[in-house]
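**Student:** Give me the fold of what follows.
(one chain, ligands or ions: 1)
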Amino acid sequence: MEFKKIGVIGAGVMGIGVSVDLILNNLDVILIDTLEEQLEKAKKEILETIRFAPMLKKGSPKLSQEEVLARIKFSTDLNEVSDVDFVVENITEDWELKKDLYSKLDKICEKDICFGVDTSCLSITQVASATERVDKVIGIHFMNPVYLKPTLEVMKGFHTSEETIALTKDFLSQIGKNAIVVNDFPGFVSNRISHLFMNEAAFVIQDDLAQPKDVDEIFKKCFGHTMGPLETADLIGLDTVANSLKVLYESYQDPKFRCCPLLKKMVDAKLLGRKTGRGFYNYN
Ligand SMILES: NC(=O)c1ccc[n+]([C@@H]2O[C@H](COP(=O)([O-])OP(=O)(O)OC[C@H]3O[C@@H](n4cnc5c(N)ncnc54)[C@H](O)[C@@H]3O)[C@@H](O)[C@H]2O)c1
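**Tutor:** This next block holds a predicted model:
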């Protein structure tokens, strides 16, 4: 099947990233957020990212502002996704919000449309339970920045059908993505492990054991990682990291996932990382 029009719900870090990638791959996008100002911010960031894309990724098309805007519609009205071929949902990592959204989406979209859940930690089986199409709900853990990351994690919920997996792989291959399919448990493979790294790195800062730059350099220079845990946390958004740790803690009832108090304090102080200009590093 050739996908043409995709509904992207949530216009934050990931909704923006997914929209950019879809547009660069000639797909039409309906981008939904509850906040008008977030859609305005998303429009600016999408235009800017696409303008710089040819410099950062070889082979990216050079698109004019008009060409980009012809491919995307911004709206606060969820009903706009009634005729899309696939939905990628990227709203705040909060079960109550996702539950409410999915029960609405289920009524709005055609019965055969699949829902791709972009979540850091929530169980896909749990998200599917908010719909009447449990076999058509699948996890797609996009990596950030989306258009620069060719491989992602796909999560198979308890009821996700083989047909949905095949269809999702088709959709992802249309945007040049390679999927690694795993089973469903909160945090999946990537975040169940990476959030322990990020959280423990925050404890290291709280204990004044080292400066953020030194922590990250150890991971990059000694372990050969592309990014260290603290710069990764800043890129993801410290609020999203803290929310994910909360989900992991509640899901596994295991103290190893308790959120570092310093991380929580930084979230309360709105030091959310790149998206607010300051986190473990200053971006202003
Ligand atoms: N940030 C990352 O690096 C990353 C990576 C992979 C997956 N994720 C997951 O993707 C999802 C989105 O993360 P993010 O970093 O983009 O968050 P974000 O906080 O940057 O953006 C979330 C957006 O969702 C909007 N929203 C909330 N409720 C909504 C609703 N009912 N309808 C429409 N929009 C709504 C908010 O207004 C906000 O703009 C989360 O589940 C997160 O765990 C994040």
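
**Student:** Please name the nearest non-neighbouring residue to D85.
**Tutor:** F3 (4.6 Å; Cβ to Cβ, 6 or more residues apart in numbering). (Glycine included, C-beta is placed from N, CA and C.)

**Student:** which ones are touching the closest residue to the ligand within the stretch 151-284 of the chain?
**Tutor:** Closest approach between the stretch 151-284 of the chain and the ligand, counting by Cβ to the nearest ligand atom: I236, at 3.7 Å. Contacts for I236 (Cβ atoms under 8 Å, 6 or more residues apart in numbering) come out as 13, 120, 144, 198, 273.

**Student:** In TSV, list the residues you listed along with distance to L167.
**Tutor:** Listed next are the contacts of I236 as TSV, based on distance: Cβ to Cβ, whole Å:
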residue	distance to L167
V13	26
S120	23
N144	24
M198	33
G273	34
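
**Student:** Give me the three-state assignment for the residue of the stretch 101-250 of the chain found nearest the ligand.
**Tutor:** Nearest residue of the stretch 101-250 of the chain to the ligand, counting by Cβ to the nearest ligand atom: S120, 3.2 Å away. Here S120 is coil, with the state taken from DSSP: H, G, I helix; E, B strand; the rest coil.

**Student:** thinking again about what came up before, any idea how far V117 is from the residue nearest to D85?
**Tutor:** The gap separating F3 from V117 is 17 Å, by Cβ to Cβ, to the nearest Å.

**Student:** Ok, V247 next?
**Tutor:** 13 Å.

**Student:** phi, psi of N183?
**Tutor:** phi -80, psi 180 (degrees, to the nearest 10).

**Student:** Enumerate the beta-bridge partners assigned to it.
**Tutor:** When assigned by DSSP bridges, N183 has beta-bridge partners K156.

**Student:** Name the residues that touch the least confident helix or strand in the chain by mean pLDDT?
**Tutor:** Lowest on mean pLDDT, DSSP states H and E among the helices and strands of the chain sits helix 238-252, with a mean of 95. The contact list for helix 238-252, computed with Cβ under 8 Å, 6+ apart, reads 13, 92-95, 120-123, 185-187, 191-192, 195, 198-199, 233, 254-255, 257-259, 263-264, 266-267, 271-273, 279.

**Student:** Around the ligand, pick out the residues from the stretch 151-284 of the chain.
**Tutor:** 236-237, 240, 244 (Cβ under 6 Å from any ligand atom).

**Student:** so which two of those are the farthest from each other?
**Tutor:** G237 and S244 (10.0 Å; Cβ to Cβ).

**Student:** the more surrounded of these two?
**Tutor:** S244 (27 against 24; other Cβ atoms under 10 Å).

**Student:** low-confidence ranges in the chain?
**Tutor:** Applying pLDDT under 70 to the chain flags no residue at all.

**Student:** For it, give the residue positioned nearest to the ligand.
**Tutor:** For the chain, the residue closest to the ligand is G12, as judged by Cβ to the nearest ligand atom, at 1.7 Å.

**Student:** I'd like to know how many residues surround that residue.
**Tutor:** 19.

**Student:** where do the strands sit along the stretch 1-150 of the chain?
**Tutor:** Ranges of strands within the stretch 1-150 of the chain are 5-9, 28-32, 72-75, 86-89, 115-117, 137-141, based on DSSP state E, counting those that start in this stretch.

**Student:** which ones are touching D83?
**Tutor:** So D83 contacts 5, 110 (Cβ under 8 Å, 6+ apart).

**Student:** Can you give me every residue that contacts D94?
**Tutor:** Taking Cβ under 8 Å, 6+ apart as the test, what D94 contacts is N243.

**Student:** Can you report phi and psi for it?
**Tutor:** phi -150, psi 120.

**Student:** Which of the residues in the longest helix anywhere in the chain are classified as buried?
**Tutor:** Ranked by number of residues, the top helix in the chain under DSSP state H is helix 36-56. For helix 36-56, a neighbour-count test (16 or more other Cβ atoms under 10 Å) marks 38-39, 41-43, 45-47, 49-50, 53 as buried.

**Student:** likewise stretch 83-100?
**Tutor:** 84-91, 93, 95, 98-99.

**Student:** And T164, how far from G15?
**Tutor:** For T164, the distance to G15 - Cβ to Cβ - is 22 Å.
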